[in-house]
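Chemist: show me how the following folds:
(one chain, ligands or ions: 2)
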Amino acid sequence: MLEKKKGVDIVIEISGITTVEAAKKLFEERLDTEHLSRIGQISHSEVLLKIANAIAMCQPDTVFINTGSESDKQFIRELAINNREEERLPMTGHTIHYDLKDEQGRIIDRTFYIANEGETVSSLANKMLRPDALRDIREKMTGIMTGKTMMVGFYIRGPVGAPVSNPALEITSSAYVSHSAELLYRNAYAAFDREVERVGHFYANIHSEGPNRLEDLPNARVFMDRSFQTTYSMFCTYAGNTLLMKKGNHRFSVDKAVYENRGKELSEHMFITGIDGPGGRVTWMTGAAPSGCGKTTTAMAGDHFVGDDLAQMWISKEGSLRSVNPECGIFGIIQDVNWEGDPRLMEVLRKSGTEVIWSNLLIDENGTPHWTGNGEEPPLKGRNFQGEWHQGMKDEKGNRVPISHPNARCTLSSKALANYSESSEDPNGVETRVITYSGRDSDTMPPIRVAKNSDHGVVIGACIVSAATAAEVGATGVKRAPWANAPFIPGALGDYMDAQFKFFGSDTFAADKRPIMAGLNYFLTHEARGGAEKALIGEKRDVKVWLAWLERRAHGEVAAIETPIGYIPRYEDLKNLFKKLIDKDYPEALYDKQFSLYVDNIVARIDLQKDAYQKEPNLPAKLFEVLKEQRDGLMALKANVVTPAQIEG
Ligand code: SPV
Ligand code: MN
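Modeler: Ligands and ions are numbered 1, 2, ... in the order given. As a prediction, this is how the structure comes out:
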C-alpha cells in the first residue's frame, strides 16, 4: 500500500514555512511588485506553501511567476538564450540545446523513490528512506539557485476539466526546462486554484541544474516523493531527468491509478491517435511501446494526432474508454526520422516558423541540424553532442562518434503538426476502441494479433519485449518491457498488473464499446523467416495498413483467423488494404512469412515470460492461466511452422 502525506514533506521540513501568513511574508520579501501581484492570484494554501518553501530552500535571486502569456513565454525563450542554455539557429523559431555529454538520457542509477519505512517499491527501482533523502536534498538543494532566476509555472496534465487531469507545478532555475514545459504542457495559471480544488491534489516539481558542470554529475539526483507527490531534481539538465512533469508525474499518476482508482483509471506509456475509417468515422487508438520503438511514428501515422508518449484513461458513465494526453507536445527521438517514414514530422522540422528545441544532435556550419538516419547527405563537420565533430571521428575508446546521440530529441508543440486533432483538448477525452502493445521483436510475434478477450489483452501488454542492448544480451537476446511502462511503475508489479486486469475486465464497459487489444510488431527480420539478411521484412509505411485493419476489426467489419495467441488477419483483407491505402502489392508469400506461427519461438517466449514472472511476488494467477492456455494451444498444433491456411484448416 501507499500512504499519502505520511512522514515529513521534505521541502517544508527544510524551509520551515508552515502558515500562509509566513508564505505571504516571504513573497513580499522576495518578489517584485509585478510578481507579487501574480502570486496574489493564487489562493490555495498548499500551493502557496509549496512555492514559498521552494523559494526559501533554493534561494534564487529573482522569482518569475509565469502566467503563460505570450510575453512571459518570450521572457523565458530569451532567458534560455542569455543563460546559454539554448542557441538560436537560422531557421525561425529553432534553437539548439546540449545536455552535458554524460547526461543525455535518464540517469536511472541516481534516480530514487523516497519511501517510508515498510513501503514496497518496484523491484526495478532504487529507493531511499525519507530521513536519508531529507538529508541529501537539504545538503544539495539549499541555496542551489543563488544568482539565478526561479521560474514558477502552473500547468495541468490533461485538458482542464477532464476527470483524470492532474495540476502540476514546475519550479526550476533552468529556462530550457521552463521553455520545454511551455511547449509540452498546458499552462493553467488562471485555472490552477480551481483545478486543484476540483481534483483535490496537485503535483510539484522542483529542479535546479546548479552550476551545470560535468564534475557535478556524480551528485546529480532525481527524487520522487510518492507520499507528497513532489519531485526534486538537481545538477542535471536532460529533460527526462529535469522536466519531471513528464515521467516524474507520470509515476504519480500510475500510483493514483493503481492505489486510488483501481479498475477505473489507468496511466500508460502510450500514444493516442485517430484513424479515418469508412464512412467518415474516426476510430481512436492508444498504444504502448518502449522508448525508441516507433511510438512517435505510429502516432504520426494516424490521421488525427493527440499524443505520442502518455495517456490517461478512464471508463465513462456511458461505458466507453476515454483517453486524454497529459501533454500537448512532442519530446521525440529524432534518430531515424526521415521523409520516407515520417513525412509529416519532417515537414515541420525542415520548414521555418515552428518553434522547435533541438537537443544533442549535430549543427553544421550553416546552422542546419543533422541526425543519424535522416536519409540526407551527412555533413563533413559541425558541432554535436560531444563537441566539435568531423566525419570519421573516433572517441577515446576508438568507436566512431555518430552525428547525433541516439537519444537526441526535438521538442515542439502538437499544434504545429498537420494532423493535430482539436479533440486533444476535449475534457471528455477521445473514445478509444483499439489498444496496441509493441516492442522490438525481431523473430517471434506476427505483425498483428488481436487478443481473444481482455485477460489475453492484458497478458500481451505484460509480455512486451524489446531488443536487448549490447550490454544486456540474455539467452534469447530480448529484454522484457512490461506494458513499456515498467520503468515508471513505482510500486509492486503485481499491483499494477491487477489494476490492468480490473480495468480492462471491468463490467462497466458497454458491450459495444469494449476496446480490442492487440500486439503489434514492426521488427520481424528476413533472417528470422528463413532469409539471409538482418533487414526488416516490413516498411514504416506498412504501419498505416496494420492500423487500418485494426480499425476495421474494432468495428467487427473484418473476419480473422483464430490462433492460440490471438486473432490474425486474413490475406485478402490485408492485400486490399495494402493496395488501397499505400498502393503496395502484398504477395501471399510475404503474408505467410509474416503471419505463420513459429511455434518453437513463441513457446520459448512464453516460457521466458513465465520463468521471469514466477520470480515476482503476488502476481495475479490469471497471468499464468492465460500463458498456459496459449502454450497448450500451440503444442496442440504439433508443428514448428504453421501457416495461417493450415490453422484455418
Ligand atoms: C522516454 O524515454 O520514454 C521519453 C523521454 O519519453 S523521457 O522524458 O526521458 O522519459
Ligand atoms: Mn516515453
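
Chemist: make it CA atoms for all contacts and neighbour counts henceforth
Modeler: Fine.

Chemist: what distance do you get for the residue of the stretch 401-550 of the chain found nearest ligand 1 to residue 370?
Modeler: Here the stretch 401-550 of the chain gets closest to ligand 1 at one residue, residue 407, 8.1 Å apart by Cα to the nearest ligand atom. Distance from residue 407 to residue 370, counting by Cα to Cα, to the nearest Å: 13 Å.

Chemist: and the closest residue to ligand 1 within the chain, what element?
Modeler: Proximity of the chain to ligand 1 (Cα to the nearest ligand atom) peaks at residue 240, 3.2 Å away. Assigned by DSSP states H and E, residue 240 belongs to helix 239-242.

Chemist: near ligand 1, anything from the helix or strand that that helix is followed by?
Modeler: Later in the chain than helix 239-242, the nearest helix or strand by DSSP H and E is helix 247-255. Yes. Residues of helix 247-255 are located near ligand 1 by Cα under 6 Å from any ligand atom, namely residue 247.

Chemist: do the helix or strand just after helix 247-255 and ligand 1 meet?
Modeler: Counting by DSSP H and E, the next helix or strand C-terminal to helix 247-255 is strand 265-268. No. On the criterion Cα under 6 Å from any ligand atom, strand 265-268 is out of touch with ligand 1, staying 11.1 Å away.

Chemist: who are the packing partners of strand 265-268?
Modeler: helix 247-255, strand 311-315, helix 493-504 (3 or more Cα pairs under 8 Å, 6 or more residues apart in numbering; DSSP states H and E).

Chemist: just the mean pLDDT for the second one, thanks.
Modeler: Averaged across strand 311-315, the pLDDT comes to 98.

Chemist: partners of whichever helix or strand comes after that strand in the sheet?
Modeler: Counting by DSSP H and E, the next helix or strand C-terminal to strand 311-315 is strand 321-324. With DSSP bridges as the test, strand 321-324 is paired with strand 311-315 (antiparallel), strand 430-438 (antiparallel).

Chemist: so what touches whatever helix or strand comes next after the longest one?
Modeler: Using DSSP H and E, the next helix or strand after strand 430-438 towards the C-terminus is strand 448-450. Residues from elsewhere that reach strand 448-450 (Cα atoms under 8 Å, 6 or more residues apart in numbering): 457, 516-521, 546, 565-569.

Chemist: pLDDT (mean, whole number) over strand 448-450?
Modeler: Strand 448-450 shows a mean pLDDT of 98.

Chemist: any chance of the backbone angles for the nearest residue to residue 513 once chain neighbours are set aside?
Modeler: Spatially, and ignoring its direct neighbours in sequence, residue 513 is nearest to residue 320 (5.2 Å; Cα to Cα, 6 or more residues apart in numbering). Main-chain torsions, residue 320, degrees, to the nearest 10: phi -110, psi 160.

Chemist: now do residue 320 against residue 171, distance only.
Modeler: 36 Å.

Chemist: about what we covered before: nearest approach to residue 276 belongs to which of the strands paired with strand 321-324?
Modeler: Each of the strands paired with strand 321-324 has some distance to residue 276 by Cα to Cα; the shortest is strand 430-438, at 12.8 Å.

Chemist: and that closest one, how far out from the chain middle?
Modeler: Relative to its chain's centre, strand 430-438 lies at 15 Å (Cα atoms, centre = their mean, to the nearest Å).

Chemist: all numbers from here: first residue = 27
Modeler: Yes, from this point I'll number from 27; that puts the last item at strand 456-464.

Chemist: other residues contacting it?
Modeler: With contacts defined as Cα under 8 Å, 6+ apart, strand 456-464 is touched by 309-316, 319, 346-350, 449-450, 486-487, 490-491, 509, 539-547, 576-577, 580.

Chemist: now with 7 Å?
Modeler: 309-315, 346-350, 449, 486-487, 490, 509, 539-547, 580 (Cα atoms under 7 Å, 6 or more residues apart in numbering).
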